[in-house]
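1. Everything below, folded, please.
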Amino acid sequence: MGALTPARGPKQPQQERSRATRLKLLEAAISCLAERGWSGSTVAVVAERAGVSRGAAQHHFRTREDLFTAAVEHVAEKRQSAVAAVAHKLPPAGSVARTWVIVEELVGLYTGPLFRAALHLWVAASDEEPLRDRVTALEARVGREAHRTAVALLDADESAPGVRETVQGLLDMARGLGLANLLTDDSARRAKVVEEWAKIIDDLLSR
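-> Numbering: from 1, shown residues only. This next block holds a predicted model:
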């Protein structure tokens, strides 16, 4: 008879379970922050939504500030990766449709649940100094990554006059559209703005 291979028990290895619990907490934190705002998003509320104990939540994140800054960073990275992945399915180079898809995806960075959750975190950070430092650093990093992604997707030469400023203006515009979308469904107006910005970007890059 060959050597017996020990059967794996029903439980996952501790490290895998720990990663899964952390992920549940991060995603539950984003949902709570987007729906309830900062004041309504306690560690206990997040733990309940994630289906874990409060003790397990505090094992992963010592404070509420730790939990929510990590959560926003997690989803920011995930959304950024999704936008970067668009590069593999873009229309041919030089077409207006290609630029439109890129602009639409960049605007999507600021019109989804991530932006809504991040906004609640920014408002809270304006009144809480320890949180402010973390959120300021996080926002600066996310902003730099968004800019780098935009430049790469557009294949923009930032040494050309006005290109860097226009790309940054595109991202600032996208943030403004995200704010407008918080209170009402702004999708119809947003579609027209995206179309015009795609034309602006095409015109600039073709000079």
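
2. buried ones in the helix ranked longest in the chain?
-> Assignment by DSSP state H gives helix 129-154 as the longest helix of the chain. For helix 129-154, burial by neighbour count (16 or more other C-beta atoms under 10 Å) applies to 131, 134-135, 138-139, 142, 145-147, 149-151, 153-154. Just so you know, the C-beta spots here come from the backbone N, C-alpha and C atoms, and that holds for glycine as well.

3. cool, and stretch 70-88?
-> Buried-residue list, stretch 70-88, by 16+ other C-beta under 10 Å: A70, A71, V72, E73, H74, V75, A76, R79, Q80, V83, V86.

4. I'd like those residues laid out as TSV, including pLDDT.
-> Output for the buried residues of stretch 70-88, formatted as TSV (pLDDT from 0 to 100):
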residue	pLDDT
A70	90
A71	87
V72	82
E73	85
H74	86
V75	80
A76	80
R79	77
Q80	77
V83	78
V86	80
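
5. thinking again about what came up before, quick one: mean pLDDT for the longest helix of the chain?
-> The pLDDT scores in helix 129-154 average 86.

6. tell me what it is packed against?
-> Taking 3 or more C-beta pairs under 8 Å, 6 or more residues apart in numbering; DSSP states H and E as contact, the helices and strands that helix 129-154 lies on are helix 64-85, helix 96-108, helix 113-125, helix 163-180.

7. Give me the distance from it to the chain's centre.
-> 10 Å (C-alpha atoms, centre = their mean, to the nearest Å).

8. same deal with stretch 172-186?
-> Counting by C-alpha atoms, centre = their mean, stretch 172-186 comes out at 15 Å from the chain centroid.

9. And that stretch, what's buried?
-> M173, A174, R175, L177, G178, N181, D186.

10. Over to stretch 18-30?
-> Those would be T21, R22, K24, L25, L26, E27, A28, A29, I30, for stretch 18-30 by 16+ other C-beta under 10 Å.

11. Keep only those of those that are in helices.
-> T21, R22, K24, L25, L26, E27, A28, A29, I30.

12. Can you tell me how far V45 is from F68?
-> 12 Å (C-beta to C-beta, to the nearest Å).

13. Of all residues in the protein, which one is nearest the centre?
-> A76 (2.5 Å; C-alpha atoms, centre = their mean).

14. my guess is F115 meets G108, correct?
-> No. Contact between F115 and G108 fails when scored by C-beta atoms under 8 Å: they sit 9.3 Å apart.
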